[in-house]
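> sharing a sequence plus its predicted fold:
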Amino acid sequence: MKYACYCRVSTKKDEQLDSLETQIKYFQHLAKEKKFDIYEIYYDEGITGSQIKNRDGYNRMIEDAEAKKFDVILVKDITRIMRNTLLFLELYKDLQKWGINLAFTNYGNMDIETADKNYLTMLASFAEDEARRLGQRVKFTKDITAKKGRVPNIVYGYKKIDKYTLEIIPEEAEVVKRMFDYYTNDKLGTARIAEILNEEGILTKRNKGKWSQKTVIDILRNRLYIGDVINKKSENRGYPETRRVQLPESEWVIVKREDFRIISDEQFWEAEEILDGRKYQFHANRKRERQSYKYPFSTAIKCMDCADPKKNSYYSFRRNVRKYSKSGKTYIWWCCSYRNAHGANSCPNTITIDERDFEEQLITFFKSYFLDNKKSMSEAVLEVLKRKLEEQNQDVGEENPEDLSAIADEIDKLEKQKKNYVEMGGEGIITFQEVREYVTPINKKLEELKLQYSRMNNEKNIKESDINKLISNFFENIEKTIEGDKINNQYLKRLVDIKSRHDGAIFIDLKFDDNEELKVSNLPFNELVENLKSEEVAN
Ligand SMILES: [Zn+2]
């Protein structure tokens with residue numbers, strides 16, 4: 001048996017562990033131990049983030065593989081391959097065609113694992129999740145560079161400078177803030193808010209007139225206040241239909257402009273929840289549902305069609321039981337509880353999930369993808385989580401305890417300043433108008449700093465060293481979830497979110513930490529299970 005070995009070499013000098021020399025020694029040692037011949041050790045240099053600069057070694061290896069110059073490709077360190085799983089899946093297909101095996105090995109041990117299709121599919125799903133998120137990111141940047149963030153002409157709180165630029169008018173921004181505060185904190189109705197503004201003689205922007213419920217709601221609904229400049233909400237459909245068509249949110253062009261922000265995300269989405277009447281329904285639901293853990297899927301399957309995932313307020317599936325005759329079989333199925341309660345027009349999700357079938361499928365899924373490949377899966381998961389963490393860190397910027405305490409100091413300082421101005425106002429040293437003038441920019445700065453502070457602080461909650469612990473918890477949870485070949489509802493919910501869509505697609509989110517900061521989203525459950533089935537047939 002002739003082996004081709006493939007590895008990637010870091011160009012960073014300090015990564016001694018990865019030096020080419022070390023790797024060659026490793027492969028030679030392994031070949032001696034496992035008694036195989038090395039045809040060649042192929043390698044590529046230069047790993048920058050998720051990109052390999054050059055793939056000469058890789059390409060040469062593929063050419064040689066096609067020419068059948070060796071029998072097995074042995075790849076060092078599966079975690080490295082994760083960065084290009086889709087590519088490797090392509091490779092895998094070709095290799096099968098050419099009759100060449102693919103195997104993995106890792107540092108620190110002498111095991112060689114043959115890559116099986118299930119495992120690779122799982123990796124591909126991870127990779128797709130990554131690609132999707134990267135795709136979003138790319139789109140986002142492109143939109144900004146293309147300057148598609150065209151701003152509206154007249155919006156309360158802003159002055160339009162040019163096509164792409166707004167300037168916050170502090171007095172109006174204060175009114176916007178008060179409206180959100182009235183609504184989310186003081187729980188005032190929109191009619192009452194309009195009344196207060198009218199009593200104070202504050203005028204609307206467009207018509208310079210009185211506030212109504214509708215104009216108040218327009219403010220509370222406007223995502224510009226959280227810095228989202230939204231274009232392409234609708235589109236002109238030409239001949240023969242000359243009308244404006246509303247587009248789904250996925251097609252909107254959204255450009256993030258933090259400099260336009262007046263309201264925090266948290267407060268804004270809370271307002272949306274109240275406006276939708278979802279918040280209360282959701283809580284009412286939760287209360288009722290909290291009682292039952294005894295069924296495998298209690299509050300574990302979410303309907304994707306009747307709630308906005310952004311607000312994280314899904315409706316759960318509910319359990320139904322029917323017995324057709326006294327001695328006959330009992331049918332148990334799960335369906336959207338909202339549709340079930342509010343009728344066919346309330347939600348398009350008509351999917352029913354057979355309890356026993358689904359329980360079996362889930363158990364098989366956890367076993368075949370995770371428990372049967374525990375070692376390699378934990379490595380794959382480790383890599384995914386590490387990268388997610390890395391990405392989060394990048395989003396926030398360099399973390400540094402000194403930065404954190406500097407921000408805390410700055411917050412303290414500004415709070416004191418603010419208090420001074422307010423006191424001066426109270427004592428009549430300066431006018432109320434002046435207080436507002438001084439305090440408004442301070443408030444703005446404070447909000448920014450607090451946001452930054454909490455982000456930097458949150459990010460410290462998960463350290464790279466914690467990830468191993470999270471992964472071992474994850475596998476423990478899997479074992480507890482399927483103990484005795486039954487689904488344990490409580491452990492299941494710690495482990496995954498299950499989401500059902502009207503077209504029959506089921507998605508699984510894997511959860512690794514309590515705050516769900518490290519989450520692998522939207523694994524296509526049906527496809528993964530189908531894969532297992534075809535594998536069974538093939539064997
Ligand atoms: Zn539904």
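Done, it's in. Numbers count the residues shown, from 1 in each chain.

> kindly export stretch 503-514 (C-alpha atoms) in CSV.
Output of stretch 503-514 as CSV, limited to C-alpha atoms (Å, rounded to 0.1, in the frame of the first residue of the first chain):
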residue,chain,number,x,y,z
ASP,A,503,-42.2,22.4,3.1
GLY,A,504,-41.3,19.6,5.4
ALA,A,505,-37.7,20.6,6.0
ILE,A,506,-36.5,20.1,9.5
PHE,A,507,-33.4,22.0,10.8
ILE,A,508,-31.3,21.3,13.8
ASP,A,509,-29.3,23.9,15.7
LEU,A,510,-26.6,22.4,17.9
LYS,A,511,-26.2,24.3,21.2
PHE,A,512,-23.0,24.2,23.1
ASP,A,513,-23.3,26.8,25.8
ASP,A,514,-26.1,28.2,27.9
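
> ok, and for that stretch, which residues are buried?
Across stretch 503-514, burial judged by 16 or more other C-beta atoms under 10 Å covers Ile506, Phe507, Ile508, Asp509, Leu510, Lys511, Phe512, Asp513. The way it works is simple: take the backbone N, C-alpha and C, and place the C-beta from them, glycine included.

> please apply the same query to stretch 204-216.
Neighbour counts over stretch 204-216 (16+ other C-beta under 10 Å) mark Thr204, Trp211, Thr215, Val216 as buried.

> so for it, mean pLDDT?
Mean pLDDT, computed over stretch 204-216, is 89.

> what's it in contact with?
The list of residues contacting stretch 204-216 from outside it, by C-beta atoms under 8 Å, 6 or more residues apart in numbering, reads 154-156, 172, 179, 190-191, 193-194, 197-198, 202-203.

> list the contacts of stretch 437-455.
170-171, 173-174, 264, 396, 404, 407-408, 410-411, 414-415, 417-418, 421-422, 430.

> per-residue confidence averaged over it?
What stretch 437-455 shows for mean pLDDT is 80.

> do stretch 479-492 as well
92.

> swap in stretch 370-382?
80.

> with stretch 1-11 instead?
pLDDT averaged over stretch 1-11 gives 80.

> next, the nearest residue to Glu258 once chain neighbours are set aside: phi, psi?
Using C-beta to C-beta, 6 or more residues apart in numbering and skipping residues adjacent in sequence, the residue nearest Glu258 is Gly227, 5.1 Å away. Backbone torsions for Gly227, taken as degrees, to the nearest 10, come to phi 90, psi 10.

> which ones are touching Gly227?
Lys256, Arg257, Glu258, Asp259, Phe260, Arg261.

> 10 Å - rerun?
Ile254, Val255, Lys256, Arg257, Glu258, Asp259, Phe260, Arg261, Ile262, Ile263, Asp265, Phe268 (C-beta atoms under 10 Å, 6 or more residues apart in numbering).

> repeat that for Val496.
300, 362, 365-366, 477-478, 481, 507-511, 519-520, 523, 525.

> inside helices: which ones of the residues you listed?
Judged by DSSP state H, helices contain the following of the contacts of Val496: Leu362, Phe365, Asn477, Ile478, Thr481, Phe525.

> would a markdown table of those with neighbour count and distance to the ion be doable?
Formatted as a markdown table, those follow (neighbours: other C-beta atoms under 10 Å; distance: C-beta to the ion, whole Å):
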| residue | neighbour count | distance to the ion |
| --- | --- | --- |
| Leu362 | 23 | 20 |
| Phe365 | 21 | 23 |
| Asn477 | 21 | 27 |
| Ile478 | 24 | 28 |
| Thr481 | 22 | 25 |
| Phe525 | 21 | 18 |
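
> output the residues you listed as a markdown table; include the columns distance to Gly343.
Below are the ones in helices among the contacts of Val496 laid out as a markdown table (distance: C-beta to C-beta, whole Å):
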| residue | distance to Gly343 |
| --- | --- |
| Leu362 | 30 |
| Phe365 | 33 |
| Asn477 | 37 |
| Ile478 | 38 |
| Thr481 | 34 |
| Phe525 | 28 |
